[in-house]
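J.: could you look at this predicted model? Sequence included:
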2 protein chains.
Amino acid sequence: MSVSEVLISEVGPRDGLQNCKSIMPTDLKKQWISELSRAGIKEIEVGSFVSPKLLPQMADTGEITRHSKTIDGLEVAVLVPNLKGAQLAIESGADKITLPLSVSETHSIRNIRRTHDQVIEEAEAISELIKSLPENDRPHFEGSLSTAFGCTLEGAIDERVILSCAERLMGAGCDEVGVSDTTGYGDPVSIKKLIKAVQGVIGEKNLTGVHLHNTRGLGLANALAAYDIGIKTFDSSLGGLGGCPTAPGASGNIVTEDLVFMFESMGVDTGIDMDALMKTRELLSQGLPDEPLYGFTPLAGLPLGFKS
Amino acid sequence: MSVSEVLISEVGPRDGLQNCKSIMPTDLKKQWISELSRAGIKEIEVGSFVSPKLLPQMADTGEITRHSKTIDGLEVAVLVPNLKGAQLAIESGADKITLPLSVSETHSIRNIRRTHDQVIEEAEAISELIKSLPENDRPHFEGSLSTAFGCTLEGAIDERVILSCAERLMGAGCDEVGVSDTTGYGDPVSIKKLIKAVQGVIGEKNLTGVHLHNTRGLGLANALAAYDIGIKTFDSSLGGLGGCPTAPGASGNIVTEDLVFMFESMGVDTGIDMDALMKTRELLSQGLPDEPLYGFTPLAGLPLGFKS
């Protein structure tokens, strides 16, 4: 019974793999992405166009993006830190480009050595580049407010700063803005409050997706809270891949299997086949034998009589 | 900031320990319960009055109950399967007695060899026993609808059967009825639906508590859903103790640390000190060195600037 529809955006090949010590072979990455799509995943963040010196796990993002573009009906998303990354993303044919902006300026400077002003300049340059393309070739451009629910260096970030960042990203030419609980500091109340506040400034239709983490176990509760106020796009990663770099044993991203199970149990159609989805874990175990995989539903199995 | 209040009922000493292979020494159990109380836990299910042959982990429940009664301000709850257990519970001075009734009659027969009619007869006998006591000595008597969200043997249980069980427990003299997601089959939609349906039959004030499991990772999301419709009492166990007997690696009960963290983050007062609560995990590691402990918040630590 389909009550509503949500989009599960799989970020394992990007956010998951970039936090793994081992590097997944390119062929297995391609196979994994293809299998995820066959299981019904409609959007995948397939990689990040960053310096291969910084993140060797992402060195094949160009090739992975081109492969992913051959998969029928798949929205191919990539992360870019700057204009150069966006140029490579466009050359590879990405459908969606996400530029993160850490609302904690301390984190932004430490992480990518850029102030807010400098990130906004990159956003403007990327937007100009996109506008220079023929209309049909233009990727969707999202600005993502990272550390939106608090930063491990600064703690809570002043909401006025966050709202200003959201406005500036839209002003710089982003098509939409997402909020990211990078640190797993969010809770159901703060998630609702901030989403509504940002929507109040940039418009409801310009914030429709969230990137939540499960660092303190609240991932699904937070996703439920966001769903309750109309959010339709949820990032998650298969097997919670990559874990939480600062908390060994804790998962980082929300586990796709558990998130899909929650929605499907609720009667909310995800379009994803649970059995096929869980089967794709085998590729992860094969390609990354030393990485722990998270998720409760795969361990417990589906309830008797469950149908997705 | 206290928006509301919830009661976290710690069931680790009962539901947790009875699913552990190893047996926690009585002295450490006592110390653990005392420390939980000092951390701000106001209700603890300290044991189960069952045959020590069936559950040797619970053989000291009488002694544990008497110790717990010496702790100032602690509501001492116990589980009983029948009249005999209730007699022992009353002799030990328990404040609250819970009798489980599995709404899956197949499960009831397999698990405790009793039909619904037979469990209701026990409830009536327990209720008579309680009424025979001086008013001030009468423990609170709860009937608990287990496998309420589905059974591993029968799958989903007809809601009419569940509502009838609830009515019959109240008719037999229970002071209240709780619902238990014994199997971790519940989801935010089914949790709300069933609670409202049962309340519709027995009255809102007679169903105020839920016992949820985290078998498929939905524990906190389900607790949030129950909280959203006014439920105020939540069972959980420290470290998710005992795990899920049918799913190695998955936790059974909701992890108290994560549940308290969720509510406190939301500004919902639990009266519990997070740091003191997390410190009580050390006793578990000491008393049960071979048991895995669950929970994300203890691994990740509290957010920068967090105050409970």
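T.: Yes, it's here. Residues are numbered from 1 along each chain as shown, chains lettered A, B, ... in the order given.
J.: run through the residues of the stretch 201-308 of chain A sitting next to chain B.
T.: Neighbours of chain B within the stretch 201-308 of chain A, by C-beta under 8 Å from any C-beta of the partner chain: A:214-218, A:220-221, A:223-225, A:244, A:246-251, A:255, A:258, A:261-262, A:265-267, A:295-297, A:299-301, A:303-305. For the C-beta atoms, the positions are set from N, CA and C on the backbone; glycine is no exception.
J.: quick one: contacts for residue A:165?
T.: Listed by C-beta atoms under 8 Å, 6 or more residues apart in numbering or on different chains, the contact set of residue A:165 reads A:101, A:103, A:116, A:145.
J.: dump these to TSV, plus secondary structure, neighbour count and pLDDT.
T.: What follows is the contacts of residue A:165, written out as TSV (DSSP: H, G, I helix; E, B strand; the rest coil; neighbours: other C-beta atoms under 10 Å in any protein chain shown; pLDDT from 0 to 100):
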residue	secondary structure	neighbour count	pLDDT
A:101	strand	28	97
A:103	coil	27	97
A:116	helix	18	98
A:145	strand	27	98
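J.: would JSON lines of the residues you listed with distance to chain B be doable?
T.: As requested, these are exported to JSON lines (distance: C-beta to the nearest C-beta, whole Å):
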{"residue": "A:101", "distance to chain B": "20"}
{"residue": "A:103", "distance to chain B": "15"}
{"residue": "A:116", "distance to chain B": "20"}
{"residue": "A:145", "distance to chain B": "17"}
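J.: tell me the two of those residues that are most distant?
T.: The most widely separated members of the contacts of residue A:165, counting by C-beta to C-beta, are A:116 and A:145 (10.9 Å).
J.: per-residue pLDDT, the residue of the stretch 1-150 of chain A found nearest chain B?
T.: Evaluated by C-beta to the nearest C-beta, the stretch 1-150 of chain A has residue A:150 as its residue closest to chain B, separated by 5.6 Å. Looking at residue A:150, its pLDDT reads 95.
J.: now it, nearest residue through space, not along the chain?
T.: Excluding its sequence neighbours, the residue lying closest to residue A:150 (C-beta to C-beta, 6 or more residues apart in numbering or on different chains) is residue A:185, at 3.4 Å.
J.: where does the one you found land in three-state SS?
T.: Of the three states, residue A:185 takes coil according to DSSP: H, G, I helix; E, B strand; the rest coil.
J.: residues near it, how many?
T.: Using other C-beta atoms under 10 Å in any protein chain shown, residue A:185 has 27 neighbouring residues.
J.: from what I can see it touches residue B:301, true?
T.: No - Residue A:185 lies out of contact with residue B:301 (C-beta atoms under 8 Å); the separation is 11.3 Å.
J.: any residues in contact with both of the two?
T.: Between them, residue A:185 and residue B:301 share no contacting residue, judged by C-beta under 8 Å, 6+ apart.
J.: joint contacts of residue A:116 and residue A:145?
T.: A:101, A:165.
J.: quick one: low-confidence residue ranges for the stretch 101-250 of chain A.
T.: By pLDDT under 70, the weakly predicted segments of the stretch 101-250 of chain A are A:244, A:246-250.
J.: helices of that one, start to end?
T.: Secondary structure of the stretch 101-250 of chain A (DSSP state H, counting those that start in this stretch): helices at A:105-112, A:116-131, A:159-171, A:188-202, A:219-228.
J.: deepest-packed of the ones you listed, please.
T.: Most buried of the helices of the stretch 101-250 of chain A, by mean neighbour count (mean count of other C-beta atoms under 10 Å in any protein chain shown): helix A:219-228, with a mean of 26.
J.: can you tell me which helices and strands that one packs against?
T.: Here helix A:219-228 touches helix A:188-202, strand A:209-211, strand A:233-236, helix A:256-265, helix B:219-228, going by 3 or more C-beta pairs under 8 Å, 6 or more residues apart in numbering or on different chains; DSSP states H and E.
J.: tilt between the first one and helix B:256-265?
T.: In other words, helix A:188-202. 40 degrees (axes from the mean of the first three to the mean of the last three C-alpha atoms, to 10 degrees).
J.: tell me the angle helix A:188-202 makes with helix A:219-228.
T.: Going by the same axes, to 10 degrees, helix A:188-202 makes 40 degrees with helix A:219-228.
J.: tell me what helix A:188-202 is packed against?
T.: Partner elements for helix A:188-202 (3+ C-beta pairs under 8 Å, 6+ apart): helix A:159-171, strand A:176-180, helix A:219-228, helix B:256-265.
J.: and the stretch 1-150 of chain A, which of its residues are near chain B?
T.: Counting by C-beta under 8 Å from any C-beta, the residues of the stretch 1-150 of chain A close to chain B are residue A:150.
J.: A helix includes residue A:44, no?
T.: No - counting by three-state DSSP, one finds residue A:44 to be strand, located in no helix.
J.: who are the contact partners of the closest residue to residue A:111 other than its chain neighbours?
T.: Residue nearest to residue A:111 in three dimensions, not counting chain neighbours: residue A:102, with 6.2 Å by C-beta to C-beta, 6+ apart. Listed by C-beta under 8 Å, 6+ apart, the contact set of residue A:102 reads A:108, A:111-112, A:146-147, A:151, A:182.
J.: which pair of those spans the longest distance?
T.: Farthest pair in the contacts of residue A:102, by C-beta to C-beta: A:112 and A:151, 13.8 Å.
J.: and the residues of the stretch 201-308 of chain A next to chain B, which are buried?
T.: Among these, the ones that count as buried by 16 or more other C-beta atoms under 10 Å in any protein chain shown are A:214-218, A:220-221, A:223-225, A:244, A:247, A:250-251, A:255, A:258, A:261-262, A:265-266, A:295-297, A:299-300, A:303.
J.: distance of the residue nearest to residue A:111 from residue A:228?
T.: 27 Å (C-beta to C-beta, to the nearest Å).
J.: and for residue A:211?
T.: 17 Å.
J.: got it, and residue A:58?
T.: 34 Å.
J.: what confidence value was assigned to residue A:1?
T.: pLDDT, read off for residue A:1, is 36.
J.: which ones are touching residue A:305?
T.: B:150, B:155-156 are the contacts of residue A:305 under C-beta under 8 Å, 6+ apart.
J.: tell me which element it falls in.
T.: According to DSSP states H and E, residue A:305 maps onto no helix or strand at all.
J.: got it, and residue A:90?
T.: Using DSSP H and E, residue A:90 falls in helix A:83-92.
J.: residue A:23 too?
T.: Going by DSSP H and E, residue A:23 is not in any helix or strand.
J.: can you tell me the closest non-neighbouring residue to it?
T.: residue A:57 (5.2 Å).
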